[in-house]
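Participant: What would the 3D arrangement of this be:
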Amino acid sequence: MANKENIRILLTDDDQDDRDFFADAVEDLHLNVTVEFCKNGLELLNFLYDKNRIIPDIIFLDLNMPVMSGFETLEQIREDILFKEIPVIAIYSTSSSQESIKNTFGSGANAYIVKPTDINELKKLIKKVVEMDWRENLKHSKLESFIITV
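Facilitator: All right, here's what the predicted structure looks like:
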């Protein structure tokens, strides 16, 4: 995806500090990336169905959110043919529990990351995600390569 002129990222996270942290990391990378934000899963779905919005190239989705969890949101996204090709990166705040990993993989996420607390680590993860060839990755998603680390 790195050869695309402008990559559109949508981060859905209920925590304002985490949204700001993500925005700072993207800004520091100086990539040709536009980031938009949603605060919960319902807001994300409304964003995706808004005909005045451009569909994002990549969605980063927090799993622990009020209103509609990331798990519920992911299932809704994958049920709609319009959004099946959008890479969804599941992010989890506190751990890399095997159950969460298997659930997000089974629900159609394309990758899983543990939310870093270090900005340099976050920048490396974002850069890695943005530079991946998602057309190829969408075809051959395997649990062994599901977790993205730096």
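
Participant: So what does the most centrally placed residue in the chain look like in phi/psi?
Facilitator: Residue closest to the average C-alpha location in the chain (CA atoms, centre = their mean): Phe60, at 1.6 Å. Reported as degrees, to the nearest 10, the phi and psi values for Phe60 are phi -100, psi 120.

Participant: show me the contacts for it.
Facilitator: 9-13, 22, 89, 91, 129 (CB atoms under 8 Å, 6 or more residues apart in numbering). Bear in mind the C-beta positions are built from the backbone N, C-alpha and C, glycine included.

Participant: mind checking how far it is from Gln16?
Facilitator: With the distance defined as CB to CB, to the nearest Å, Phe60 ends up 15 Å from Gln16.

Participant: ok, now Leu74?
Facilitator: Here the criterion is CB to CB. By it, Leu74 lies 22 Å from Gln16.

Participant: more neighbours, the two?
Facilitator: Taking other CB atoms under 10 Å, Leu74 and Gln16 do not tie; Leu74 has more neighbours (23 against 10).

Participant: pretty sure Thr73 is in a helix, no?
Facilitator: Yes. Counting by DSSP: H, G, I helix; E, B strand; the rest coil, Thr73 is located in a helix.

Participant: Make residue 1 into 57 and carry on from there
Facilitator: Taking 57 as the first residue, the last one we looked at is Thr129.
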